[in-house]
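**Student:** coords please:
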Amino acid sequence: MTLLAPLGALGRAVLTFMATVGRVSIFAARALSHIFRPPWYPRELFSSLLTIGWLSLPVVGLTAIFTGGALALQIYAGGARFNAEAVVPQIVAIGMVRELGPVLVGLMIAARVTSSIAAEIATMKVTEQIDALTTLSTNPMKYLVAPRVLAALITVPLLVGIGDIIGIAGGFGVAVHSLDFNPATYLMNTVNFLETRDVVSSLAKGAAFGLIAALMGCFYGMESGRGAQGVGRATKGSVEAAAVLILAANFVLTGVFFSI
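**Tutor:** The predicted structure is shown next:
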């Protein structure tokens, strides 16, 4: 029996994980189905668009511009070892658009928005506001979850696109003012090197990451335990799950778009 104890613990962990995956999948399917079925709540949707999209612009912009500038410096320093300093604009553009832009925006949204959604919904559950919605014949999935998921699907790709532009602009500023690149040549190399597939993949990743961030916040909020500790665990778990799933989804989508 002592030798079988570790196997039993492993089996319980696997079963718990699979059960969680099943609950998340069912929750995601229900949330997406409610987006397309009335009634809709435009006020909640507008509030979510403002919170997830507009109010996230400052942190997204600052993250992108510093990342683009640092990327230009790193590529220039590395390229100097092989007399390949001229590749800075191309690598900054492809690095920001394909990978760094979507991933960093997704992680910032997970840190800022997922935690906020989870804490808000978990607090509503603790204070029995969700039960009150049900009593008033209002579906919590339709009133709380669907608007946030739809808002994330709309705004996060836009944030990714803006972050890509700001990141490239950050690299441009560093390259022109610190590394003595010609502005016209830098911009021409950037535009000529990027392909439509790069931009499409970036926006698709943004939509997927936004969906993950909103779903994890809503799921952990709705599944929250009672009391302040339950709210804290829901918030922490939602951010951890969103960050890991965003990185995993990035790997899968990169393989889908750029597999040889």
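
**Student:** rest of the way, CA atoms for contacts and neighbours
**Tutor:** OK.

**Student:** which residues of the stretch 151-260 of the chain score low on pLDDT?
**Tutor:** 260 (pLDDT under 70).

**Student:** hmm, try it at 90
**Tutor:** Counting by pLDDT under 90, the ranges of the stretch 151-260 of the chain that qualify are 178-180, 182, 185-186, 189, 191-195, 223-230, 258-260.

**Student:** ok, which stretches of it are helices?
**Tutor:** Listed in chain order, the helices of the stretch 151-260 of the chain (DSSP state H, counting those that start in this stretch) span 183-193, 196-222, 227-258.

**Student:** With respect to Ile26, which of the ones you listed lies nearest?
**Tutor:** Of all the helices of the stretch 151-260 of the chain, it is helix 196-222 that lies closest to Ile26, at 10.4 Å by CA to CA.

**Student:** Quick check: buried residues in the closest one?
**Tutor:** Across helix 196-222, burial judged by 16 or more other CA atoms under 10 Å covers 198-199, 201-222.

**Student:** Over to stretch 94-114?
**Tutor:** Neighbour-count burial for stretch 94-114, with 16+ other CA under 10 Å as criterion, is recorded at 94-114.

**Student:** Other residues contacting that stretch?
**Tutor:** The contact list for stretch 94-114 (CA atoms under 8 Å, 6 or more residues apart in numbering) reads 51-52, 56, 59-60, 63-64, 68, 156, 159-160, 163-164, 167-168, 193-194, 198-199, 201-203, 205-206, 209-210, 213-214, 216-218, 235, 238-239, 242-243, 246-247, 250.

**Student:** chain center to that stretch: distance?
**Tutor:** Stretch 94-114 has its average C-alpha position 6 Å from the chain's average C-alpha position, going by CA atoms, centre = their mean, to the nearest Å.
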